[in-house]
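**Q** need coordinates for the below:
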Amino acid sequence: MKKYLVAVSCCIAMAAVLAYGQGDEGYQTARLVSIDKIAADAQHMESSGGYKISMSMGPTLFLCRSNGPAAAFIDWSPGKEYPAKVNGKVMQVKNPNGQIVELNILKQKTAK
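**A** Sure, this is the predicted structure:
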């Protein structure tokens, strides 16, 4: 009986360790507020294209910009939630397919 309890305890402990290891470390839920395609600028080609994106994470609104490929944003629509984390001036957002998209944070506002 003791061996059985020890074996079951070990299995539960191993399952907990594996579940913890698969978690999204540091990621929180962020809601897409708006996404707008930026038109290409013939005079300033280095800043042409891309997307202006507003993401809400908790009480903070992040105003961001990304120059990622259109395929990365094909399924993005206002109101959807994505796992995201902030690293300095960059927000990393996970697409449903697991791809990580980096958004450059231009400004952040906190609700009062």
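**Q** what residues of stretch 66-84 count as buried?
**A** Residues Ser66, Gly68, Ala72, Phe73, Trp76, Tyr82, Pro83, Ala84 are the ones in stretch 66-84 that count as buried (16 or more other Cβ atoms under 10 Å). Quick note: C-beta positions are derived from backbone N, CA and C, even for glycine.
**Q** all strands of the protein, in order?
**A** Using DSSP state E, the strands of the chain run over residues 28-37, 51-57, 60-66, 81-87, 90-94, 100-110.
**Q** minimum distance to Ile12: which of those strands has it?
**A** Proximity to Ile12 (Cβ to Cβ) singles out strand 81-87 among these, at 26.6 Å.
**Q** which strands border that closest one, and is each parallel or antiparallel?
**A** Strand 81-87 pairs in its sheet with strand 28-37 (antiparallel), strand 90-94 (antiparallel), by DSSP bridges.
**Q** any stretches of this protein with poor pLDDT?
**A** 4-11, 13-24, 41-49 (pLDDT under 70).
**Q** rewinding a little: any chance of the strands paired with strand 81-87 in a markdown table, with distance to Met55 and mean neighbour count too?
**A** Below are the strands paired with strand 81-87 laid out as a markdown table (distance: least, Cβ to Cβ, whole Å; neighbours: other Cβ atoms under 10 Å):
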| stretch | distance to Met55 | mean neighbour count |
| --- | --- | --- |
| strand 28-37 | 5 | 15 |
| strand 90-94 | 6 | 18 |
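**Q** so in terms of bridging, what pairs with Val93?
**A** Beta-bridge partners of Val93, as defined by DSSP bridges: Ala84, Val101.
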